[in-house]
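1. Dropping a prediction and its sequence here:
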Number of protein chains: 2
Amino acid sequence: MDKKICIAIDAMGGENAPYKNIEGISYFCKKNKDKSDYFFNVFGDEQKVNNELKKYNIPKSCIKIFHTNSVVSDNETPLTAVKTSKNSSMWNSVYSQVKSESDISLSAGNTGVLLVISRMILKTINGVSKPALAGLWPNLKGMNIVLDLGANIECDEKNLIEFSEMGSALYKALFPKEKAKVALLNVGSEEIKGTETLKKAYTNLKNISRNEDFDFNGYIEGNRITDGESNVIITDGFTGNIALKTAEGTAKFITDNLKLSLKENIFSKFSLLFSYFSLKKFKEKLDPRKFNGAIFLGLNGPVVKSHGSTDSLGFYHSIDLCYNIVKGNLMSKIKDNLSHLNDSKI
Amino acid sequence: MDKKICIAIDAMGGENAPYKNIEGISYFCKKNKDKSDYFFNVFGDEQKVNNELKKYNIPKSCIKIFHTNSVVSDNETPLTAVKTSKNSSMWNSVYSQVKSESDISLSAGNTGVLLVISRMILKTINGVSKPALAGLWPNLKGMNIVLDLGANIECDEKNLIEFSEMGSALYKALFPKEKAKVALLNVGSEEIKGTETLKKAYTNLKNISRNEDFDFNGYIEGNRITDGESNVIITDGFTGNIALKTAEGTAKFITDNLKLSLKENIFSKFSLLFSYFSLKKFKEKLDPRKFNGAIFLGLNGPVVKSHGSTDSLGFYHSIDLCYNIVKGNLMSKIKDNLSHLNDSKI
């Protein structure tokens, strides 16, 4: 029998835990009932987890519960949590990767604490200067990987180059039939634009892209993130975080205005009868829960962070992401890409 | 008779010039036919401008043409343009402010060149370390002023504080009945988040805001730019440019997807019959042409940059913005706000 894909689940992290976490697992099992290549190591309060498990028909052969007796709260700072979190569901789910019990771990808990303890437990990959947080971002032709989304407020060219290699590895793990196309986010597309750091990264990436890990498309501006010409968008954690959240805010602003317009009078309300299914499909296509899950790249093991406030469906999508990351051999792809970087002596 | 508001128009800048520039003026005159407090100094090729003017019913009493025999091209770099542009429509329209012929100037031409020659001709206000490019950005309750949108790739805390005072002055000039509410764009809303520059600016702005030029709302994240709780959003030119363009790209991505959905089948097409007016209003409300015009703040005279690719209606909105900036006494408000900054010895 082939080794199963083992996913460690922090069952106590995020709003409405462990309810949404366990329901998320049940969605995954239902959608993948013809498969038997996955297994869940679930970390949390055994009684609470079992109470939730009773509600669903999750095969016992694909799940194991590990009792933990504390939870990392949302208010905890990374500094205090490192000392106090060793019995927590979050710590133990990440730690199960060190013990080779799990291939990946998923938490919807406190982001800052998750980043710090993941780094402590899994350690940074040899040769990587800073790990980064990568996210999915839809574009007109499919999906982008964007990083860094906030793990590193300030980045130098070495970081940006490593992000390009790691982001391309993630892209190829998730979309094996596509070619990774890297672009640096900048305030203009001409070579002379941007900071000194960006200019140095640009020159290096032009050389590195010859090793065929990815195509290098140069600089792109914010309005081209979604055009699909590039699919691995590289930036520092400050800019990436602002861009992602600005896009989220803009999407909400526009759909809120659209909703108001379509409910403003009897005619527009009547039109909803006919456009119902089309608008539902439109909503589903851009449903942020489908892109839920930021991937912490650059450690000796992948860690996925789900939005704390997402629901069971959003959590399911993060589980699905974990499954595809391991199935796509992310870790060996990252190491492979990074070795090319060492070859080219950047 | 009161002094008229004199607007210098670079008639040759931008796509489809001078057609859109002159039609933009004609829209303004039509919408303001009950007023006589404005005057246009139009700079460009006299023959081409006159050919356009013939098409419209613009009162001769409100317009004067100044012949110029060169145009700054879109491909020109600021460096070369400074030497070669002295006979251009752009140079002469800005220069008319020095000769006190105009109160403000408007161009849809090459942004980089406009910023450089405006700075050369008008000089930076005494005490301002860097001028900034400010833009309008709709929010749920009305309008934001956001700056810097790209004039300065890197900014220190002194720049951000000056941007806050100048942005608040612009807000009060355009929306005299409202209170300016400043926020710093950051990757989190807690005091400990962000770069050292942002933390220093935060501490200073908390003190400065006591002088009542504005309320200080602290940090906001990208997803809250449009919520209307703050209305003067302060950031460096790199981040501001990326945020603005990401918002533009996201808005286009969503409306493109919506259009596709509403045309995908016979039912959804039928629904358009009933939602036509509501969707038209929705589209009009968020029409980017309404927010066309970035304001160059911090010089001894205001300069407005229209999008190069906008049409006559977009150019009209930039003219309207120019009119309201002068009517709202922007320059005296900026100097007033900056003097408070000197009082508090930041």
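-> Noted; the coordinates are in hand. Residues are numbered from 1 along each chain as shown, chains lettered A, B, ... in the order given.
2. which stretches of the stretch 151-300 of chain A form helices?
-> A:157-174, A:196-208, A:237-262, A:266-285 (DSSP state H, counting those that start in this stretch).
3. now, of those, which is deepest in the fold?
-> helix A:157-174 (a mean of 25; mean count of other Cβ atoms under 10 Å in any protein chain shown). In this view, the C-beta of every residue, glycine as well, is placed from N, C-alpha and C.
4. quick check, distance from it to the centre of its chain.
-> The chain centre lies 13 Å from the centre of helix A:157-174; the measure is Cα atoms, centre = their mean, to the nearest Å.
5. So which elements touch that helix?
-> strand A:132-139, strand A:142-147, strand A:181-185, helix A:196-208, strand A:232-234, strand A:294-297, helix A:312-327, helix A:330-343 (3 or more Cβ pairs under 8 Å, 6 or more residues apart in numbering or on different chains; DSSP states H and E).
6. Please produce a markdown table containing the ones you listed, extended by mean pLDDT and distance to chain B.
-> Formatted as a markdown table, those follow (pLDDT from 0 to 100; distance: least, Cβ to the nearest Cβ, whole Å):
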| stretch | mean pLDDT | distance to chain B |
| --- | --- | --- |
| strand A:132-139 | 94 | 8 |
| strand A:142-147 | 95 | 10 |
| strand A:181-185 | 97 | 6 |
| helix A:196-208 | 94 | 9 |
| strand A:232-234 | 98 | 10 |
| strand A:294-297 | 96 | 13 |
| helix A:312-327 | 97 | 16 |
| helix A:330-343 | 89 | 25 |
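7. Which one of these lies nearest to A:Lys305?
-> Closest of the helices and strands packed on helix A:157-174 to A:Lys305 is strand A:294-297, at 4.7 Å (criterion: Cβ to Cβ).
8. Please dump the helices and strands packed on helix A:157-174 into CSV; it should also carry distance to B:Asn257 for every row.
-> Shown next, in CSV, are the helices and strands packed on helix A:157-174 (distance: least, Cβ to Cβ, whole Å):
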stretch, distance to B:Asn257
strand A:132-139, 9
strand A:142-147, 13
strand A:181-185, 21
helix A:196-208, 30
strand A:232-234, 19
strand A:294-297, 23
helix A:312-327, 19
helix A:330-343, 29
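9. from these, which stretch is densest packed?
-> strand A:232-234 (a mean of 30).
10. just so I know, which of the helices of the stretch 151-300 of chain A lies nearest B:Lys283?
-> Per Cβ to Cβ, nearest to B:Lys283 of the helices of the stretch 151-300 of chain A: helix A:237-262, 8.9 Å.
11. Do the closest one and chain B come into contact?
-> Yes - counting by Cβ under 8 Å from any Cβ of the partner chain, chain B is contacted by helix A:237-262 at A:237-239, A:241-258, A:261-262.
12. Repeat that for stretch A:97-110.
-> No - Stretch A:97-110 stays clear of chain B (Cβ under 8 Å from any Cβ), getting no nearer than 12.8 Å.
13. what comes up buried for that stretch?
-> Of all the residues in stretch A:97-110, those buried under the rule 16 or more other Cβ atoms under 10 Å in any protein chain shown are A:97, A:101-110.
14. Among the residues you listed, which ones are in helices?
-> Applying DSSP state H to those, the entries found in helices are A:Gln97.
15. What average pLDDT does stretch A:80-100 get?
-> Stretch A:80-100 carries an average pLDDT of 92.
16. hmm, who's touching that stretch?
-> A:8-13, A:41, A:43-45, A:66, A:68-72, A:76, A:102-107, A:109-110, A:113-114, A:116-118, A:120-122, A:301, A:303 (Cβ atoms under 8 Å, 6 or more residues apart in numbering or on different chains).
17. Tell me the one of the buried residues of stretch A:97-110 nearest B:Leu170?
-> A:Asn110 (39.3 Å).
18. okay, the helices of the stretch 151-300 of chain A in CSV with distance to B:Ser339 next?
-> Output for the helices of the stretch 151-300 of chain A, formatted as CSV (distance: least, Cβ to Cβ, whole Å):
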stretch, distance to B:Ser339
helix A:157-174, 42
helix A:196-208, 36
helix A:237-262, 32
helix A:266-285, 51
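19. A:His307 is nearest to which of those helices?
-> So among the helices of the stretch 151-300 of chain A, helix A:237-262 is nearest, using Cβ to Cβ, at 10.4 Å.
20. do you know which of the helices and strands packed on helix A:157-174 lies nearest B:Asn186?
-> It's strand A:132-139; of those, that one is closest to B:Asn186 (Cβ to Cβ) at 16.6 Å.
21. other SSEs contacting that closest one?
-> Looks like strand A:132-139 contacts strand A:142-147, helix A:157-174, helix A:237-262, strand A:294-297 (3+ Cβ pairs under 8 Å, 6+ apart).
22. now the angle between strand A:142-147 and that strand, please.
-> If you take axes from the mean of the first three to the mean of the last three Cα atoms, to 10 degrees, strand A:132-139 sits at 160 degrees to strand A:142-147.
23. could you dump strand A:132-139 to PDB, C-alpha only?
-> Taking Å, rounded to 0.1, in the frame of the first residue of the first chain, the C-alpha atoms of strand A:132-139 are listed here in PDB:
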ATOM      1  CA  ALA A 132       7.200  33.500   3.200                       C
ATOM      2  CA  LEU A 133       3.500  33.400   3.300                       C
ATOM      3  CA  ALA A 134       2.000  32.500  -0.100                       C
ATOM      4  CA  GLY A 135      -1.700  32.800  -1.200                       C
ATOM      5  CA  LEU A 136      -4.000  31.900  -4.000                       C
ATOM      6  CA  TRP A 137      -5.400  34.800  -6.000                       C
ATOM      7  CA  PRO A 138      -7.800  34.200  -9.000                       C
ATOM      8  CA  ASN A 139      -6.900  35.700 -12.400                       C
END
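24. Who does that strand pair with, and is each partner parallel or antiparallel?
-> strand A:142-147 (antiparallel), strand A:294-297 (antiparallel) (DSSP bridges).
25. what angle separates it from helix A:237-262?
-> 30 degrees.
26. what sits up against strand A:132-139?
-> Against strand A:132-139 from outside (Cβ under 8 Å, 6+ apart): A:115, A:143-152, A:159, A:162-163, A:166-167, A:170, A:225-228, A:231, A:233, A:237, A:244, A:247, A:285-286, A:291, A:293-298, A:305, A:321, B:253.
27. How about stretch A:192-208?
-> Contacts for stretch A:192-208 (Cβ under 8 Å, 6+ apart): A:155-157, A:160-161, A:164-165, A:182, A:184, A:186-188, A:191, A:216, A:218-219, A:234, A:236, A:340-341, A:344, A:346, B:153-154, B:238.
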